[in-house]
Structures are given as structure tokens and as C-alpha cells.
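# fold the following for me, if possible:
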Amino acid sequence: MGTAVAALVLVLWRPAWRRARHVVTIAHEGGHAVIAVACGRRLSGVRLHSDTSGLTVSRGRPSGPGMVATVAAGYPAPTVVGLIAAVLLSRGYALAALWAAVLLLALLLVWIRNFFGLYVVLLAAAVVVAVSWWAPPEAKVALAHLGTWYLLFGAPRAVVELQRLRRRGRGRESDADQLAQLTGIPGGLWVTLFALATSGGAVLGVLLLAARAGLLPP
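Numbers count the residues shown, from 1 in each chain. As a prediction, the model looks like this:
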């Protein structure tokens with residue numbers, strides 16, 4: 001479980017979080033993009049910024065279920081990706097998890113519309129491809145677990161940051177506040193739902209990986 005400890009350090013230690021948070025942002029914006037396309041919206045593009053923020057723009061009806069689903073998809077997306085990876089790892093498919101990550105990054109690359117976003121996604125893809133292709137099996141398993149733990153632990157922290165921004169009056173364009181405008185449900189309740197989804201997903205992921213490691217009774 002050393003990779004779990006390493007992931008916690010990356011999430012809880014602020015200097016590391018500032019840099020590694022781009023991984024969570026990639027999954028977040030990818031979630032917006034995938035659901036937008038799935039709901040029949042026209043995706044204009046995705047931008048990733050050096051401050052770890054991002055923006056996904058799609059065209060279609062400015063309201064309705066498709067727009068709500070698109071906006072709501074961001075914060076749970078890292079948890080969903082982490083859980084899918086955890087399921088693969090729990091069945092011994094570490095390499096499959098890595099190549100799935102490469103495919104998702106390649107898909108996102110098509111939608112990127114700024115140079116920094118291009119740099120971040122290419123760098124992430126290069127690391128995963130290099131490890132998947134040339135690294136020994138132990139390194140492949142370690143990277144797959146580290147990435148999975150990081151997404152599972154990082155998603156709840158991103159929600160905490162969202163609420164902090166809202167309390168400071170700097171989150172008026174946040175996903176939660178956009179959802180409040182679209183649905184009439186208060187933004188604070190949306191933050192609570194995001195928190196429950198991400199923390200619950202983290203617990204489920206921990207149980208899956210702990211069972212695989214033999215740390216839970218059969």
C-alpha cells in the first residue's frame with residue numbers, strides 16, 4: 001500500500017498538490033466533454049490552464065437535462081475514472097488500466113484548444129506510454145495504483161477547494177453555482193452531493209484495492 005501513502009502525500013502536501021492537481025483537472029474536464037457529447041451537445045473544445053483550472057465549452061440548449069448532466073459531470077469524473085481503474089486493478093489488469101488511460105488521454109487530446117493543455121495532456125500520455133511499454137512489470141503496477149489512488153483521494157479535495165472558493169465569493173461561475181442557476185437547487189447542496197459522491201467513491205475504491213491486497217477478510 002505504499003502507493004496509497006504516496007498518493008496521500010501528493011494530495012495533502014500543498015506544494016505537490018499544486019503541480020499534480022493537473023491530473024484531477026484532466027479527468028474533471030474530460031468528464032464534462034464526454035457527457036456533453038453523450039448528451040448530443042456540440043463540443044467546442046477543452047482548455048487546461050497553468051493554475052490547474054480548466055474550461056470545457058459545448059454548444060446546444062442552454063438549459064435542460066443535457067446541460068445539467070454536462071455541468072454536473074466534472075467533479076464526480078475523477079472518482080468514476082478512479083473506480084474503473086480500481087475495478088481493473090482488483091482483477092489484476094494493471095496494464096489494461098494504463099492503456100485505458102492512454103486511450104482517454106488521446107481522446108481528450110483531440111478536444112484540447114490551448115497550448116498549455118496540449119503540453120499537459122501530451123506529458124501525461126508520454127509518461128503512461130513509456131511506463132506501459134518499457135518499464136518492468138512492478139513499475140507498471142505501481143504507476144497504475146498510484147494514479148488510481150491519486151484520483152480517488154484527489155477528487156474529494158477538489159470539492160473542498162470548490163467550497164472554499166465559494167465562501168470567499170470567488171466561485172460564482174463554479175459548476176455548483178451554474179447548476180443552481182439551471183435547476184433552482186442551491187449551490188451548497190450541489191457541493192454536498194459532489195462531496196458525498198467523491199468521498200463515497202473513494203471509500204469504495206479503497207475497499208476494492210484493499211481486498212485485492214489481502215487486507216480485508218474474505
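# which residues of the protein fall in helices?
For the chain, applying DSSP state H gives helices covering 2-12, 14-38, 65-72, 77-90, 94-111, 115-134, 137-167, 175-183, 187-212.
# where does the protein have low pLDDT?
Along the chain, segments meeting pLDDT under 70 span 171, 217-218.
# how close does the spatially most central residue of the chain sit to Asp175?
Taking Cα atoms, centre = their mean, the centroid of the chain lies closest to Pro78, which sits 2.3 Å from it. From Pro78 over to Asp175 the distance is 13 Å, taken as Cβ to Cβ, to the nearest Å. Quick note: C-beta positions are derived from backbone N, CA and C, even for glycine.
# also Leu118?
24 Å.
# which of these two has more neighbours?
Set Leu118 next to Asp175 and count neighbours by other Cβ atoms under 10 Å: Asp175 wins out with 21 against 14.
# need the contact list for the more buried one.
71-72, 74-75, 162, 190 (Cβ atoms under 8 Å, 6 or more residues apart in numbering).
# what about the residue lying closest to Arg21 once chain neighbours are set aside, neighbour count?
Nearest residue to Arg21, sequence neighbours excluded (Cβ to Cβ, 6 or more residues apart in numbering): Thr52, at 4.3 Å. Residues contacting Thr52 under the criterion other Cβ under 10 Å number 20.
# quick one: contacts for Thr52?
Per Cβ under 8 Å, 6+ apart, neighbours of Thr52: 18, 21-22, 24-25.
# how about Gly82?
Applying Cβ under 8 Å, 6+ apart, one finds that Gly82 lies in contact with 148-152, 155, 201-202, 205.
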